[in-house]
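Visitor: I would like to see how this sequence folds:
(2 chains)
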Protein chains: 2
Amino acid sequence: MISPQLNIIGKVHGDILHRTDAPKNYSESEHKGILEIYPDYVQGMEDISVGETIVVLFWFHKSDRDVLKVYPRGDRSNGLRGVFSTRSPSRPNPIAISELKVYEIEGNCLKVVGLDVLDGTPIVDIKKKID
Amino acid sequence: MISPQLNIIGKVHGDILHRTDAPKNYSESEHKGILEIYPDYVQGMEDISVGETIVVLFWFHKSDRDVLKVYPRGDRSNGLRGVFSTRSPSRPNPIAISELKVYEIEGNCLKVVGLDVLDGTPIVDIKKKID
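Guide: Alright, predicted model coming up:
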């Protein structure tokens, strides 16, 4: 079976420094931050516009990958659930998806609002949102 | 810089055999198919329900990863665009996102509608959709 390797295209600069400070997901966040795109990939960010909402895929490098059952949102009252029926950050492939609004673009940096990930989180992809 | 390695959790069985037959995205598809989850990961699919719409991440193993500029949807009339401003399957990390409705669950197989990926496509993650 193949085990593809990801290329990290950039990283997050933001004010969320600890997991306990992170919103549970982007729809609950008003945190601003910067998506720094590395020089090798900067051509790919052309044509992203200010005001646009983009879909961003992150690699949660601090997550536990040996997890198949979780307590959603850390709440033990509802019991353990299969990880694929949740949005837990711990999962076999800890890729997180956020929808973030771009409010400024400066060189290789996209300034966004809606961040729900830790400062320093690696970025693996950015996509156009389906209307 | 880290280069994380993905673990493939399953694969798609469907009737889309050639790229030219694939819908441009899940919102335009009524194709049915099966998401087969491999035994090592089957515990993680517990608590997914029939009738639910799930978010599925695929690895596009046939995509060109050395691409930073693309013609969206293959249409040359609008010129080349930065790949991160599009949903092109060719991109540095060819992870595709679909939202699929589960209509039946049988053992380690989720039967879904809305498929827009080729038969045999590797699956890397399944998440709950944000309401």
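Visitor: let me see the contact set for A:G120.
Guide: Applying CB atoms under 8 Å, 6 or more residues apart in numbering or on different chains, one finds that A:G120 lies in contact with A:K11, A:V12, A:H13. Heads up, the C-betas are built off the backbone N, CA and C, glycines and all.
Visitor: residues near the nearest residue to A:K69 once chain neighbours are set aside, how many?
Guide: The shortest distance from A:K69 to any residue that is not its chain neighbour, by CB to CB, 6 or more residues apart in numbering or on different chains, is 4.3 Å, and that residue is A:L80. When neighbours are defined as other CB atoms under 10 Å in any protein chain shown, A:L80 has 14 of them.
Visitor: what's the pLDDT at A:L80?
Guide: What the model reports for A:L80 is a pLDDT of 95.
Visitor: wait, it sits on A:Y71?
Guide: Yes. Contact between A:L80 and A:Y71 holds when scored by CB atoms under 8 Å: they sit 6.2 Å apart.
Visitor: of the contacts of A:G120, keep whichever come out buried.
Guide: Judged by neighbour count, with 16 or more other CB atoms under 10 Å in any protein chain shown as the criterion, the buried members of the contacts of A:G120 are A:K11, A:V12.
Visitor: got the contacts of A:G120 as a markdown table, with pLDDT and distance to chain B columns?
Guide: Formatted as a markdown table, the entries for the contacts of A:G120 read as follows, by pLDDT from 0 to 100; distance: CB to the nearest CB, whole Å:
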| residue | pLDDT | distance to chain B |
| --- | --- | --- |
| A:K11 | 97 | 9 |
| A:V12 | 98 | 14 |
| A:H13 | 98 | 16 |
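Visitor: which among the contacts of A:G120 gets closest to B:I130?
Guide: The shortest approach to B:I130 among those belongs to A:V12, at 19.6 Å (CB to CB).
Visitor: what does the closest residue to A:E52 other than its chain neighbours show for phi and psi?
Guide: In this structure, A:E52 finds its nearest non-sequential neighbour in A:V102, 5.3 Å apart by CB to CB, 6+ apart. Dihedral angles of A:V102 (phi, psi; degrees, to the nearest 10) stand at phi -80, psi 120.
Visitor: for chain A, which spans come out with low pLDDT?
Guide: By pLDDT under 70, the weakly predicted segments of chain A are A:1.
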